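> how would this look folded up:
(one chain, ligands or ions: 2)
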Amino acid sequence: MPILARIPIFKALILDIIFIYCMEITVDQMYQIENKGHDMGFLKKFMMENAGAASVRRLVEKIENIESKNILIFVGLGNNGGDGLVMARHLAGYGAKVTVMLLGTPEKIKTEESNWNWSILKKMPSVKLMIGDSLSFDFKPDIIVDGILGTGISGEIREPYASAINYINKTDCYKFAVDVPSGLDPQTGETANICTKCNMTVTFHKMKQGIPKRKDLTGELYAEKIGIPPEAEEGIL
Ligand SMILES: NC(=O)C1=CN([C@@H]2O[C@H](COP(=O)(O)OP(=O)(O)OC[C@H]3O[C@@H](n4cnc5c(N)ncnc54)[C@H](OP(=O)(O)O)[C@@H]3O)[C@@H](O)[C@H]2O)[C@H](O)CC1
Ligand SMILES: [K+]
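Ligands and ions are numbered 1, 2, ... in the order given. Below you'll find the model as predicted:
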């Protein structure tokens, strides 16, 4: 043990530093930090872009020849879905064959930042857009991205999300979860009636307390920074 760490005051300081930088946070703290960062001018739209970009970097690092892959991206109507929409644009840029399955209708997309990304994809013939609740596809996906539910989950999984989660679990391919496997409560680590079982999960900014409890569902697990000013944590962490 380093000399300084033997001195109680320094040992406490070192432990504090480790705790701050490695700590797991609550979902409520994450929402507070997001909102404070947004109010500082680092808009949620920018957070979503960085979240999607960081997710694609991890996926491309893992999967060889991404340009030859059929990628099916399930997106919900909230910002977890928005991250999935950003991933679709980035993966198209890598030359992958990307299909987005919006689990609802575009009018029901909940947020400005998700709508913004949907409107960009509508101008991109390189990405196939599907809406509604049909789960019949004219291809077998090599990769499925679960952008259905994130920190906004509450209660038993409702349709059409439930059928999508069952489809994902029945399909034999590589599965990537945006922020958290859909159906896993990122605060408690408990699962709803159903939950996706994935090969990789990328969560954002800091690890949420419930996620590391279920490595059986997350697969490889990463927490990626998305550019939120550290000052956005002041008074929260
Ligand atoms: N952490 C960050 O810095 C960032 C995180 N991002 C991503 O945002 C999501 C959280 O987005 P939010 O819109 O708050 O919530 P979700 O997308 O997870 O889900 C909300 C929608 O899901 C519906 N819902 C909730 N529970 C169920 C259920 N059991 N069955 C069916 N549908 C459900 C809910 O519908 P309501 O009618 O209940 O409102 C919403 O439609 C986070 O996970 C990250 O991925 C930001 O993109 C970037 C910054
Ligand atoms: K998800």
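> Next, count neighbours for residue 100.
As a burial measure, the neighbour count of residue 100 was computed by other CB atoms under 10 Å and equals 26. The way it works is simple: take the backbone N, C-alpha and C, and place the C-beta from them, glycine included.
> The helix or strand hosting it and ligand 1, are they touching?
When elements are defined using DSSP states H and E, residue 100 is found to belong to strand 97-102. No - under the criterion of CB under 6 Å from any ligand atom, ligand 1 is not reached by strand 97-102; the shortest gap measures 11.9 Å.
> surely residue 171 meets residue 139?
No - in terms of CB atoms under 8 Å, residue 171 does not count as a neighbour of residue 139; the distance is 11.4 Å.
> Show me the shaky parts of the protein.
1, 4-5, 14-22 (pLDDT under 70).
> Can you name the residues of it sitting close to ligand 1?
Contact residues (CB under 6 Å from any ligand atom) of the chain with ligand 1: 30, 34, 44, 47-48, 51, 76-83, 110, 149-158, 161, 178-179, 192, 204-205, 226.
> Now intersect those with the helices, please.
The subset of the residues of the chain next to ligand 1 located in helices under the criterion DSSP state H comprises 30, 34, 44, 47-48, 51, 79-83, 161.
> can you list contacts of the strand holding residue 100?
69-75, 77, 81, 84-85, 88, 91-92, 109, 118, 121, 126-132, 135, 137, 139, 141, 164 (CB atoms under 8 Å, 6 or more residues apart in numbering).
> change it to 6 Å
For strand 97-102, the surrounding residues in contact (CB atoms under 6 Å, 6 or more residues apart in numbering) are 70-75, 88, 91-92, 127-131.
> Name the member of those with the most neighbours.
Neighbour count (other CB under 10 Å) singles out residue 75 as the most crowded of these, with 31 neighbours.
> Tell me how many other residues surround the closest residue to that residue other than its chain neighbours.
Excluding its sequence neighbours, the residue lying closest to residue 75 (CB to CB, 6 or more residues apart in numbering) is residue 81, at 3.5 Å. Around residue 81 there are 28 other residues, counting by other CB under 10 Å.
> swap in residue 56?
Residue 56: 23 surrounding residues under other CB under 10 Å.
> what do you get for the one 5 residues further on?
Other residues lying near residue 61 total 9 when counted by other CB under 10 Å.
> Which helix or which strand is home to it?
Mapping residue 61 onto the secondary structure by DSSP H and E places it in helix 44-62.
> Can you give me the buried ones in that helix?
When neighbours are counted by 16 or more other CB atoms under 10 Å, the buried residues of helix 44-62 are found to be 44-56, 58-59.
> swap in stretch 25-40?
Burial within stretch 25-40, assessed by neighbour count using 16+ other CB under 10 Å, is assigned to 25-27, 29-30, 32-34, 36-38.
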